[in-house]
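[1] what's the 3D shape of this:
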Amino acid sequence: MACDPPMTNPVIDAFRLRMLEKHDGFLRPSMELVKIANDLLSRPLSKRLHKVMRAIACVVVNSNGAVMTLVVNGYGNDAMKIVRSMFEGTATLAYLRLHPELLDDYLDFDAIRRWQAW
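    Next up is the predicted model:
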């Protein structure tokens, strides 16, 4: 049994086109961020701190793509939920950059949080 192709909605299609035309100056550079990040974040790292920071940065960059997809398709409120986690990731990066000696505490807390969620 084959899946039917997704139905198109003329209202959503029109919204998407208006959104892309009106905000092209922001949306296009934002999507270019992925290319830039892929170049920067694919370089080899040796320090544990840098590897952790790269992992967090990759999550933030990936979330940027999700936010753009949601916004262009009219789901701005849902995009804001993702933006909140992007902010938290960015704040974590800034904190670890200023306090690299606390990396072990950060990693230990993350393990505890995952265990508690299980």
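[2] by contact count, what packs against the helix or strand of the chain with the lowest mean pLDDT?
    Ranked by mean pLDDT, DSSP states H and E, the weakest helix or strand in the chain is helix 103-117, scoring a mean of 82. Applying 3 or more CB pairs under 8 Å, 6 or more residues apart in numbering; DSSP states H and E, one finds that helix 103-117 contacts helix 48-72, helix 76-98. For glycine as for every other residue, the C-beta is placed from the backbone atoms N, C-alpha and C.
[3] Give me the contacts around that helix.
    For helix 103-117, contacts defined as CB atoms under 8 Å, 6 or more residues apart in numbering pick out R48, L49, V52, T92, L96.
[4] try 10 Å
    K47, R48, L49, V52, M53, I56, T92, Y95, L96, H99, P100, L102 (CB atoms under 10 Å, 6 or more residues apart in numbering).
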